[in-house]
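Engineer: pasting the structure only:
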C-alpha cells in the first residue's frame, strides 16, 4: 500500500530557514530556537512534541521576519523544495500574498 497523503519535511524547512544552525538535527534545532523540552529525544512522543514546537517556531519566524501570516501547508511544502540560496528572495516576494498588513 502506498501512502496517499502529503507531508513536509521539517529538516528541509529548517535548512532553508535556519542556515546558521550548527546542524539540522532535531535536538540541535530545539536548542538553537530555545524551544521547550524535557530533555528526552529519540522517543516517538517526545520527538513529535519537539517537531510540533519547531513547526510553530518556523511559522512564528516567517511572521516576525518576513511578515508572512497564515501561510498554508502547501506554502511550507513548496518552501522546503526551494534551493537554499533562493529562499530569502522568495520569501520577500511572498509578502504581498501572505501579509495581512494593508498597503497605503
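Structural biologist: Nice, thanks for sending it over. It should be emphasised that the depicted structure is a prediction, and the values quoted were computed from it without experimental measurement. Numbering: from 1, shown residues only.

Engineer: Any stretches of the chain with poor pLDDT?
Structural biologist: Low-confidence segments of the chain, defined by pLDDT under 70, are located at 101-104.

Engineer: Break down it into its helices, ranges please.
Structural biologist: Using DSSP state H, the helices assigned to the chain run over residues 10-17, 26-32, 44-66, 73-80, 87-93, 95-98.

Engineer: Reformat these as CSV; add mean neighbour count.
Structural biologist: Glycine gets a C-beta too; all of them are placed from N, C-alpha and C. As requested, the helices of the chain are exported to CSV (neighbours: other CB atoms under 10 Å):
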stretch, mean neighbour count
helix 10-17, 20
helix 26-32, 18
helix 44-66, 15
helix 73-80, 16
helix 87-93, 14
helix 95-98, 12
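
Engineer: what's near enough to touch the residue lying closest to residue 76 once chain neighbours are set aside?
Structural biologist: In space, and not counting its chain neighbours, residue 76 is closest to residue 8: 4.9 Å by CB to CB, 6 or more residues apart in numbering. Contacts of residue 8 were listed using CB atoms under 8 Å, 6 or more residues apart in numbering, and they are 73, 76, 77, 80.
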